[in-house]
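1. here is my input, please return the structure:
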Amino acid sequence: MEVRRSLVVNATPLEMRIALLENGQLCELFIERTTQVSQVGDVYKGRVAKLLQGMQSAFVSIGGAKDGFLYLDEPETHRLPTEEAADEDEAAEGSDLPPAPVPLPPVKEGEEILVQVVKDPIGSKGPRLSRHISFPGRFLVLMPGIEHVGISRKITNPAERERLRNLIKAHAQPGEGFIVRTAAIGEKDEDLIGDVTYLRELWSDLQANCQSLPAPSLVWKDFRLLQKVLRDLFREEVASFWVDRDDTYREVVDFVSRLHPEWVGRIKHFTSDLPIFEAFAIEKEIEAARQPKVFLKHGGSIVINQTEALVSVDVNTGKFVGKKDLEETVFLANMEAIPEIVRQLRLRNLGGIVVIDFIDMMDPAHRESVMKRLQEELERDRNHARAVEISDFGLVEMTRKRTGPSLERLLTSACPHCEGSGRRLSAETVVLAVYREMARQGERLKGAQIRLTLHAELRAALQAETREGVNQLARALGAHVQWQERNDGPVHHIDIEVIPNR
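-> Here you go, the predicted structure:
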């Protein structure tokens, strides 16, 4: 079945939310807040703070509140700064597998080293770092220090693979390697060579900057969320790119005009009074993705639970009774659950070890069909995922590449009143919902006083930048915000009272 993709952008001064829709259904959600900007891809001149010889690792100061964690003997050949590029490289086949990495010299405490962030901080853990630096361009990924040209496995035409490999090999210099990305299919030679030149100059400029900066310092900052999505996801198969905010719309048009002017017509400016995520039914999908149970079309369900060790997915027949015998009913329920399981893993950004508990099937042919369908659906996933055969107990074990916090971890915080056994909406999530409600009402608030009553504990957890963002929006609308504390009632809830100007 042909997949129709579209991107939908909801932008505010406090938060950028970008949704990837497939056939009108939310499949991936990207969120960047001014208080939680991702560091993935950023390059730092760091200083080794502490060596952990027993773990062949080190803590490296990069100037943040928490030191970064660095494996000294990295198991992977190298790290790549974007999920899609990483997936393409890890999935390289046969002769595309890169050679062993160039051995990196040992480090000592106090030494200055160049590192790249490959994972953002999670909980009490600082960012994960790598000494293997890499840079994604529009068509290529540059890997300094690894003399290798790899081709994305998603480029399946043998003649095109050979053309791309020969072209890049002819222009690669000693000491540099490249991964050819899926976006390179059918592109002109001069555009691909231009990407080689751009990435090479980027690396040269970074090295020059590094010489003049003290440690710890930020040496190079990767694109932020909107630019990353434009670079990595706005492809030929994306039919439309909807944007609500005026200045963000102009930024997208300018970016695309320079890369693919023929695609500008796909960029749509959303001007309705209805919030864009409500118009595309995305808001209710986000709320549903916070619940463990997902109901399926014909009465079955899946239950998803995220723990520290793994993610469990349980498939249930529920009200699905089928039309034949029990074996056929169970088989059909499992088959219906598979696309939704993969979609939910993508939407909730769940990674690590995943265990799927399918309903037990006795027929070997049914078990084989279920595994085949699961593998087909996983092909849509940009995050590298592997699944093994169904066990005798009906379990499928799989791994899915982690790419930052899950949607649950991003939108919620641990509940202090139940000693961490539950989660609730974070202070930022609660206040940003109020922000969006004020923006939705727009000019109706002109001259009004908006009284926001919130629990003292919530107000203490609220970042000053977010609170000031709400105040700025009110001023832009011609309204005034009054923050009022209370000490009773639900902690993570804000009462909104609009007092019109009389």
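2. next, the buried residues of the helix or strand hosting V229.
-> For V229, the host element (DSSP states H and E) is helix 225-232. By neighbour count with 16 or more other C-beta atoms under 10 Å, helix 225-232 contains the buried residues 225-226, 228-232. To be clear about C-beta, it is placed using only N, CA and C from the backbone, and glycine gets the same treatment.
3. tell me the helices and strands packed up against that helix.
-> strand 5-11, strand 15-22, strand 25-33, helix 83-90, helix 246-259 (3 or more C-beta pairs under 8 Å, 6 or more residues apart in numbering; DSSP states H and E).
4. ok, which of these comes nearest E457?
-> Of all the helices and strands packed on helix 225-232, strand 25-33 sits nearest to E457, with 20.4 Å by C-beta to C-beta.
5. for the very next helix or strand once past the closest one, name the packing helices and strands.
-> Proceeding N to C from strand 25-33, the next assigned helix or strand is strand 43-52, under DSSP H and E. On a contact count with 3+ C-beta pairs under 8 Å, 6+ apart, strand 43-52 meets strand 57-61, strand 112-119, strand 217-220.
6. next, the angle strand 57-61 makes with strand 43-52.
-> Following axes from the mean of the first three to the mean of the last three C-alpha atoms, to 10 degrees, one obtains 130 degrees for the angle between strand 43-52 and strand 57-61.
7. and the contacts of strand 43-52?
-> When contacts are defined by C-beta atoms under 8 Å, 6 or more residues apart in numbering, strand 43-52 is touched by residues 58-63, 67-68, 107-117, 129, 133, 206, 210, 213-220.
8. and of the helices and strands packed on strand 43-52, who's closest to L332?
-> strand 112-119 (39.3 Å).
9. from A172, how far out is L199?
-> Per C-beta to C-beta, to the nearest Å, L199 is found 11 Å from A172.
10. where does the protein have low pLDDT?
-> 1, 74-104, 320-323, 418-421, 502 (pLDDT under 70).
11. care to break it down by domain?
-> When the chain is parsed with automatic domain parsing, its domains come out as 5-35+227-284, 43-220, 289-400, 426-499.
12. so which elements touch the helix or strand that the helix holding V229 is followed by?
-> Scanning forward in sequence from helix 225-232 by DSSP H and E, the next helix or strand is strand 238-243. Other elements packing on strand 238-243 under the criterion 3+ C-beta pairs under 8 Å, 6+ apart are strand 5-11, helix 246-259, strand 267-269.
13. can you give me the buried ones in whichever helix or strand comes after the last one?
-> So that's strand 267-269. Remark: after strand 267-269, the chain's next helix or strand is helix 276-279, criterion DSSP H and E. Going by neighbour count (16+ other C-beta under 10 Å), the buried part of helix 276-279 is 276-277.
14. again, but for stretch 270-285
-> Neighbour count says stretch 270-285 has 270, 275-277, 280, 282-283, 285 buried, by 16+ other C-beta under 10 Å.
15. so what touches it?
-> Residues outside stretch 270-285 that contact it (C-beta under 8 Å, 6+ apart) are 8-10, 17, 19, 21, 25-26, 29, 242-244, 286, 347, 436, 439-440, 442.
16. mind saving the C-alpha coords of it as CSV?
-> What follows is stretch 270-285, C-alpha atoms only, in CSV (Å, rounded to 0.1, in the frame of the first residue of the first chain):
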residue,chain,number,x,y,z
PHE,A,270,-2.1,27.2,7.9
THR,A,271,-4.2,30.3,8.6
SER,A,272,-7.3,28.9,10.3
ASP,A,273,-8.4,30.1,13.7
LEU,A,274,-8.5,26.4,14.8
PRO,A,275,-5.1,25.3,16.3
ILE,A,276,-3.2,23.3,13.7
PHE,A,277,-2.8,20.2,15.9
GLU,A,278,-6.5,20.1,16.6
ALA,A,279,-7.4,20.6,12.9
PHE,A,280,-5.3,17.5,12.0
ALA,A,281,-6.6,15.5,15.0
ILE,A,282,-3.0,15.3,16.4
GLU,A,283,-3.7,16.7,19.9
LYS,A,284,-6.0,13.8,20.7
GLU,A,285,-3.5,11.3,19.3
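17. so what's the gap between it and the chain middle?
-> 21 Å (C-alpha atoms, centre = their mean, to the nearest Å).
18. and if you look at stretch 471-489?
-> With C-alpha atoms, centre = their mean, you get 32 Å for stretch 471-489.
19. just to revisit the earlier point, now tell me what touches the helix holding V229 from outside.
-> Residues outside helix 225-232 that contact it (C-beta under 8 Å, 6+ apart) are 7, 9, 11, 16, 18, 30-32, 38, 82-85, 136, 138, 222-223, 248, 251-252, 255-256, 259.
20. and M16, bridged to which residues?
-> Legend: beta-bridge partners of M16 under DSSP bridges are A11, E32.
21. what helix or strand is M361 on?
-> For M361, there is no enclosing helix or strand under DSSP H and E.
22. start at 751 instead
-> That works, and once the first residue is 751, the last one we named lands at M1111.
23. what's the neighbour count on it?
-> Around M1111 there are 20 other residues, counting by other C-beta atoms under 10 Å.
24. spit out the contact partners of V758.
-> Applying C-beta under 8 Å, 6+ apart to V758 gives the contacts 768-769, 771, 992, 1026-1027, 1030, 1032.
25. at 10 Å what do you get?
-> For V758, the contacting residues are 767-771, 776, 779, 990-994, 1018, 1020, 1026-1027, 1029-1030, 1032, by C-beta atoms under 10 Å, 6 or more residues apart in numbering.
26. swap in T785?
-> Applying C-beta under 10 Å, 6+ apart, one finds that T785 lies in contact with 764-765, 1177-1178, 1182, 1212-1216, 1219.
27. repeat that for 8 Å
-> Counting by C-beta under 8 Å, 6+ apart, T785 has contacts 764, 1178, 1213, 1215-1216.
28. quick one: the helices in the chain?
-> 833-840, 908-921, 939-962, 975-982, 996-1009, 1026-1029, 1032-1038, 1076-1097, 1114-1128, 1157-1161, 1177-1191, 1206-1211, 1214-1226 (DSSP state H).
29. among these, which comes closest to K1151?
-> Proximity to K1151 (C-beta to C-beta) singles out helix 833-840 among these, at 6.9 Å.
30. correct me, but Q866 touches F885?
-> No: using C-beta atoms under 8 Å, Q866 makes no contact with F885, being 9.1 Å away.
31. these two - which one has more neighbours?
-> Each of Q866 and F885 has its neighbours counted (other C-beta under 10 Å); Q866 has more, 27 against 24.
32. the more buried one: what's it in contact with?
-> Taking C-beta under 8 Å, 6+ apart, one finds 791-794, 829, 831, 879-884 in contact with Q866.
33. which one of those residues is nearest G1228?
-> Distance to G1228 across the contacts of Q866 (C-beta to C-beta) is lowest for D792, with 39.0 Å.
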